[in-house]
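[1] only geometry, no sequence info:
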């Protein structure tokens, strides 16, 4: 029996906010939802809420994301598949975001696809 492995791909995605020169990044997790809050380059407070989060992680130093201020969908995410399997949910209903904050860090979130 052979196993076919599909490679993960970064696909640009617009999350409705810019992470350019973001400062004071804060994460609040409660009742399965994750709230991302930060100050943008215009000194404006920004918020993004992720609903029905299966998993999330923050990394200040990583080699698996570009040092950039872009957001991506991780297509064919092995992490999403593992989390969906563990929770016994349909992975098609969820999305793996990778949100880059330049030199500040990277946020990976698996949440309900809206």
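    Sure thing, it's come through. On a predicted model such as this, the values are computed, not experimentally measured, just so you know. Residues are numbered from 1 along each chain as shown.
[2] can you pull out the low-pLDDT segments for the chain?
    Within the chain, the stretches with pLDDT under 70 are 1-5, 61-67.
[3] how about the helices in it?
    78-87 (DSSP state H).
[4] in the sheet, who's paired with residue 109?
    Residue 109 has the following beta-bridge partners by DSSP bridges: residue 56, residue 97.
[5] was I right about it contacting residue 52?
    No - contact criterion CB atoms under 8 Å: residue 109 and residue 52 do not qualify, at 10.9 Å. Using the backbone N, CA and C atoms, a C-beta is placed for each residue, glycine as well.
[6] these two - which one has more neighbours?
    Neighbour comparison, residue 109 and residue 52: the larger count goes to residue 109, with 22 against 17 (by other CB atoms under 10 Å).
[7] wait, what's in contact with that one?
    Counting by CB atoms under 8 Å, 6 or more residues apart in numbering, residue 109 makes contact with 34, 36, 50, 53, 55-56, 96-97, 99.
[8] what distance do you get for it to residue 88?
    Distance of residue 109 to residue 88, computed by CB to CB, to the nearest Å: 20 Å.
[9] do the same with residue 8
    Separation of residue 8 from residue 88 (CB to CB): 22 Å.
[10] who has more neighbours, these two?
    Neighbours per residue, other CB under 10 Å: of residue 8 and residue 88, the larger number sits with residue 8, 15 against 6.
[11] which one is that one nearest to, not counting chain neighbours?
    residue 76 (5.1 Å; CB to CB, 6 or more residues apart in numbering).
[12] give me the neighbour count for the one you found.
    Counted with other CB under 10 Å, residue 76 comes out at 13.
[13] what does residue 91 give?
    Residue 91 has 18 neighbours, counted by other CB under 10 Å.
[14] list the contacts for the residue lying closest to it once chain neighbours are set aside?
    For residue 91, ignoring the flanking residues on the chain, the nearest one in space by CB to CB, 6+ apart is residue 84 at 3.8 Å. Neighbouring residues of residue 84 by CB under 8 Å, 6+ apart: 54, 90-91, 94, 110.
[15] one more: residue 25?
    The contact partners of residue 25, by CB under 8 Å, 6+ apart, come to 36-38, 101, 104-105, 107.
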